[in-house]
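K.L.:
Here you go, sequence then predicted model.
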Amino acid sequence: MVDINEVAENIYLIDDYLYSIPKFGSVYLLNEEKKALVDTGVATSASAVLDGIRKAGVRPEDIAYIIVTHIHLDHAGGAGVLLKDMPQAQVVVHHKGARHLIGPVRLVNSSIEVQGEEFIAGQGEVLPIERHRVQEIHDGDTIRLGKEQLLKFIDAPGHAPHELCISETRNGGLFVGDAVGVSISENEILLPFHPPPDFDLELCLNTLERLAKLAPTVLYYAHFGVSNKVQENLRLAREKLQVWDDIVTKAIKEDAFDDVARRLMAQAYAELEPIKGVESLRSLYEYMVKIYIHLVVAGHIKYYQEAIKLN
């Protein structure tokens, strides 16, 4: 089954069926003179991505760039597998993350530490990428795909130090990776998505402010879909982070930091309540409550623990 939609001129959203869950992982195909993918999904997503490319009328061997918003496995884990069918493609990545794609052992081990060996093993093998096929990107760098399509890369730390957002000139859109959080059920729910080890609240908020100043016309989410409510969603992302920060701050003032996890989880459960009984989102909801919430809460707790030590 292939789920692919043209969400803007020459831009196709391919549902990569991340973790076998529909409507959770977005891979974007930019069908220009030079063709590009934004993100890859995990290694087991490769077949869905390849099928989506072909359904759009593009040959995988014509892909010139695989652009990863950051190196977390749900965004870059499938790059090495896809390269087998894309002999001319370069993998474009933040300069801080390049070495982890060339030699992914440390990246995989870090993912196992956070998510567990069984869960990571189920995502497929993360293949190393030859150094000459990796193109390192810095803030402000550009890649031209065609006469009307210029990509500009924006440093977007907070979720991870190697996060990139990408503006595109044809439609005025912005690929946001995980910088703006997770969009669920066609933007009805927006939640923070910042698991350990690199979440930084101040950097996240700074990134969101910087993205708002760019005034894009559309946001392309990695999780999941597209929104034209750009400023509203960027503001909402800041507000959600503030809500979580207020919960932690209150617990610290009450000398109840040990209760922070329970309070944050209760907040997340309440926000997910509208999709609890939606059959088409059942597998996504189950993933969110069994795995996602725990990861995000752990990321926030780690950040605040370190902040408390610094103070």
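P.N.:
Done, it's in. Since the model is a prediction, treat every value here as computed from it, not as a measurement. Numbering: from 1, shown residues only.

K.L.:
The longest strand seen in the chain packs against which elements?
P.N.:
Ordering each strand of the chain by length in residues (DSSP state E) puts strand 149-155 first. The helices and strands touching strand 149-155, judged by 3 or more C-beta pairs under 8 Å, 6 or more residues apart in numbering; DSSP states H and E, are strand 142-146, strand 164-168, helix 201-214. Quick note: C-beta positions are derived from backbone N, CA and C, even for glycine.

K.L.:
Listing request: residues of the stretch 101-250 of the chain with sub-threshold pLDDT.
P.N.:
For the stretch 101-250 of the chain, applying pLDDT under 70 flags the ranges 187.

K.L.:
which residues in it form strands?
P.N.:
Taking DSSP state E, counting those that start in this stretch as the criterion, the stretch 101-250 of the chain carries its strands at 134-137, 142-146, 149-155, 164-168, 173-175, 182-184, 189-191, 218-221, 225-227.

K.L.:
Surely G77 touches A43?
P.N.:
Yes. The criterion here is C-beta atoms under 8 Å, and G77 meets it with A43 at 5.3 Å.

K.L.:
So which of the helices and strands packed on strand 149-155 is nearest H223?
P.N.:
Among the helices and strands packed on strand 149-155, the nearest to H223 by C-beta to C-beta is strand 164-168 (14.2 Å).

K.L.:
That closest one pairs with which strands, parallel or anti?
P.N.:
If you go by DSSP bridges, strand 164-168 pairs up with strand 149-155 (antiparallel), strand 173-175 (antiparallel).

K.L.:
chain center to it, what's the gap?
P.N.:
Centroid separation for strand 164-168 versus its chain: 12 Å, with C-alpha atoms, centre = their mean, to the nearest Å.

K.L.:
how far off strand 142-146 does it point, in degrees?
P.N.:
40 degrees (axes from the mean of the first three to the mean of the last three C-alpha atoms, to 10 degrees).

K.L.:
name the helices or strands packed onto the longest helix seen in the chain?
P.N.:
Secondary structure assigned by DSSP state H gives helix 230-253 as the longest helix of the chain. The helices and strands touching helix 230-253, judged by 3+ C-beta pairs under 8 Å, 6+ apart, are strand 189-191, helix 201-214, strand 218-221, helix 260-272, helix 293-310.

K.L.:
which residues touch it?
P.N.:
174, 180-181, 183, 187, 190-192, 201, 204-205, 208-209, 211-212, 215-219, 227, 257, 259-260, 263-264, 267, 300, 304, 308 (C-beta atoms under 8 Å, 6 or more residues apart in numbering).

K.L.:
Only whichever of these are buried, select them in ChimeraX.
P.N.:
The buried residues among the contacts of helix 230-253 can be selected in ChimeraX (16 or more other C-beta atoms under 10 Å) with this line:
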select :174,180,181,183,187,190,191,192,201,204,205,208,211,212,216,218,219,227,260,264,267,300,304
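
K.L.:
before we move on, back to that, in the longest helix of the chain, what's buried?
P.N.:
For helix 230-253, by 16+ other C-beta under 10 Å, it's V230, N233, L234, L236, A237, R238, K240, L241, W244, I247, V248, A251.

K.L.:
which residue packs closest to the last one, ignoring adjacent ones?
P.N.:
Residue nearest to A251 in three dimensions, not counting chain neighbours: V260, with 4.8 Å by C-beta to C-beta, 6 or more residues apart in numbering.

K.L.:
if we can go back for a sec, which one of the buried residues of helix 230-253 sits closest to D16?
P.N.:
Nearest to D16 among the buried residues of helix 230-253 is N233, at 21.7 Å by C-beta to C-beta.

K.L.:
From V182, how far off is the closest one?
P.N.:
Shown here: N233 relative to V182, a distance of 11 Å by C-beta to C-beta, to the nearest Å.

K.L.:
Assess the claim that D74 and V27 are in contact.
P.N.:
No. Judged on C-beta under 8 Å, D74 makes no contact with V27 at a distance of 10.5 Å.

K.L.:
list residues touching both of the two?
P.N.:
Common contact partners of D74 and V27 (C-beta under 8 Å, 6+ apart): G41.

K.L.:
Between those two, tell me which one has more neighbours.
P.N.:
V27 (27 against 22; other C-beta atoms under 10 Å).

K.L.:
Any idea what the more buried one is bridged to?
P.N.:
Bridge pairing for V27 - DSSP bridges - gives I14.

K.L.:
returning to that earlier point: so for N233 and V182, which residues contact both of them?
P.N.:
With C-beta under 8 Å, 6+ apart as the test, N233 and V182 both reach L190.

K.L.:
want to throw the strands paired with strand 164-168 into JSON lines with distance to P128?
P.N.:
Output for the strands paired with strand 164-168, formatted as JSON lines (distance: least, C-beta to C-beta, whole Å):
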{"stretch": "strand 149-155", "distance to P128": "23"}
{"stretch": "strand 173-175", "distance to P128": "25"}
